[in-house]
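Participant: Here you go, sequence then predicted model.
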Amino acid sequence: MAQIRARNLARDWRADPARCREDLREALRMGREGRPGGIASGDFSLRDLAATFIVDRHGEPVGAGFLEEAFAPNNPGSLQEAMSAVDSTAFANITGQLVINALLTGYQQEEFVATRLVRTVPTKLSGEKIPGVNRLSDQGDDLIVREGQPYPHFGFGEQYVETPATTKRGFIVPVTKEAIYFDLTGQVMQRAGEVGEILGLNKEKRLLDLIAGVDNNYKRNGTEFNTFDTGTNWTNDFYANDLVDWNAIDTAEQAFADLLDPDTGEPILMSGRTLLTVPHKMMVGQRILTATETRETTNTNTLTVAGNPLAGMGISAAYSRQLYRRLVAADGLALDSDTAQGVWFYGDFRKAFGYMENWPITVVQSPLNSEAEFNQDIVLRYKASERGVAAVLEPRAIQRHRAAAASSSSGA
């Protein structure tokens, strides 16, 4: 089957390389998303692809005989000379698509909850100042335009938020002649997937540390603040609000009602609300949000049955095992495992946090016939990198809650 796929792909490539490349990308994307008709990187054979996509000076596939002669382990030193006499551009291009797909499969895992909750902010700067806006009057009179009068100007104010410098992270995935000769396609794609997973997990942990308050990089008007505060600057950290029923969410909403946007002087505008928990509160959170009715018994033993007051609010739920591990491992929080099991977060994560991204995960292919090919029998190399930084943009849009008061030894 892999051989047939390679031959069909080579036929499509000779007919229209650009169309073939785009069709392959789409099929691989469908495979990552689990859609019908999708394919995976492991569905192909590196050996078959090399035999059909590496061509001689006449444009004909070199075939399996070339691989036996040039790639055989018992024939050292012949690879670079043999490769210099053929055109392996198409092979490198197609193999690159498969490696990229394996990288993305590892990088874009469903398990990476914070990566999906936090918005990505493209930027060409390594650290920048994001200005606020001019504050409107409480009466809104600035919006009135009388007949014949000029429109009032509305622009950026002197308030600003600074984001940290971005950092670059990456790895190199090599494809050796042994991997092609012995058709170790699965191992190559597994390594590529692991590289993507490592880069994705590293990003996820950095975002979770920011969400949890392990790292604090909110800097407004030149002054640094902790993300979570109990009232000195704002109130978004609560030490005794256990997630038991809808009343916990009600407490959170009441707290949001008292918080004002420092630029506009109005309540914080939030485009959505998400309840983020550790696994120990996952089922409780789901029950609270999806309940069809609530029941309460008063001091006089009167039972009151009503609809779920959270219905219609559009609150989404998410949970993260990594979040729990980060809470327990964080030196700055000093939470024991029992306390960490009762921590939950609530608010608009896309407004509160941003991933300032210079470039997303990007794959670059090394030049053919390189020194690595001569010294190490590495036929192809693919360098994967991404550059960005997790940043706190508006801490007033997020809240941290705990089931019980922290001990006096806590650093949070």
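Facilitator: Here it is on my side, so go on.
Participant: that's a helix at residue 346, yeah?
Facilitator: No. Residue 346: not assigned to a helix; according to DSSP: H, G, I helix; E, B strand; the rest coil it is strand.
Participant: OK, contacts around it?
Facilitator: By Cβ atoms under 8 Å, 6 or more residues apart in numbering, residue 346 lies in contact with 249, 252, 273-276, 398-399, 401. Heads up, the C-betas are built off the backbone N, CA and C, glycines and all.
Participant: do that again at 6 Å, thanks
Facilitator: By Cβ atoms under 6 Å, 6 or more residues apart in numbering, residue 346 lies in contact with 252, 275, 399.
Participant: Looking at strand pairing, list the partners for it.
Facilitator: As for beta bridges, residue 346 partners with residue 275, residue 399 under DSSP bridges.
Participant: And the pLDDT for it?
Facilitator: If you check residue 346, the pLDDT there is 98.
Participant: go on, residue 299?
Facilitator: 74.
Participant: Assign residue 172 to helix, strand or coil.
Facilitator: Residue 172 - assigned by three-state DSSP - is strand.
Participant: Helix, strand, or coil at the closest residue to it other than its chain neighbours?
Facilitator: Spatial nearest neighbour of residue 172, chain neighbours left out: residue 383 (5.0 Å); criterion: Cβ to Cβ, 6 or more residues apart in numbering. In terms of secondary structure, residue 383 is strand; the call rests on three-state DSSP.
Participant: can you pull the buried residues of the strand or helix carrying residue 188?
Facilitator: Residue 188 is located in helix 185-212, with elements delineated by DSSP states H and E. Neighbour counts over helix 185-212 (16 or more other Cβ atoms under 10 Å) mark 185, 188-189, 191-193, 195-197, 199-201, 203-212 as buried.
Participant: tell me, what residue is most central in the protein?
Facilitator: Centroid-nearest residue in the chain, with Cα atoms, centre = their mean: residue 115, separated by 3.2 Å.
Participant: Do me a favour and get the end-to-end distance for stretch 152-166?
Facilitator: Stretch 152-166 has its terminal residues 37 Å apart, counting by Cα to Cα, to the nearest Å.
Participant: and that stretch, how far out from the chain's middle?
Facilitator: 26 Å (Cα atoms, centre = their mean, to the nearest Å).
Participant: Give me the residues contacting it.
Facilitator: So stretch 152-166 is contacted by 126-134, 142, 217, 219-220, 263, 356, 358, 387-389, 391 (Cβ under 6 Å, 6+ apart).
Participant: swap in stretch 117-125?
Facilitator: 207, 349-350, 353-357.
Participant: Please repeat the previous calculation with a cut-off of 8 Å.
Facilitator: With contacts defined as Cβ under 8 Å, 6+ apart, stretch 117-125 is touched by 166, 207, 211, 274, 276, 318, 349-350, 353-358, 360, 388, 390-391.
Participant: just the buried members of those?
Facilitator: Applying 16+ other Cβ under 10 Å to the contacts of stretch 117-125 flags 166, 207, 211, 274, 276, 318, 349-350, 353-358, 388, 390-391 as buried.
Participant: which ones among those are found in helices?
Facilitator: 207, 211, 349-350 (DSSP state H).
Participant: All the strands of the stretch 51-200 of the chain, residue numbers only.
Facilitator: Here the stretch 51-200 of the chain has its strands, by DSSP state E, counting those that start in this stretch, at 119-122, 129-133, 156-162, 167-176.
Participant: Counting neighbours, what do you get for the nearest residue to residue 181 once chain neighbours are set aside?
Facilitator: Leaving aside its chain neighbours, residue 181 sits nearest to residue 71 (4.1 Å; criterion: Cβ to Cβ, 6+ apart). Using other Cβ atoms under 10 Å, residue 71 has 23 neighbouring residues.
Participant: now residue 387
Facilitator: 18.
Participant: And for residue 329?
Facilitator: For residue 329, using other Cβ under 10 Å, the count is 13.
Participant: The one 4 residues further on too?
Facilitator: Per other Cβ under 10 Å, the neighbour tally for residue 333 reads 20.
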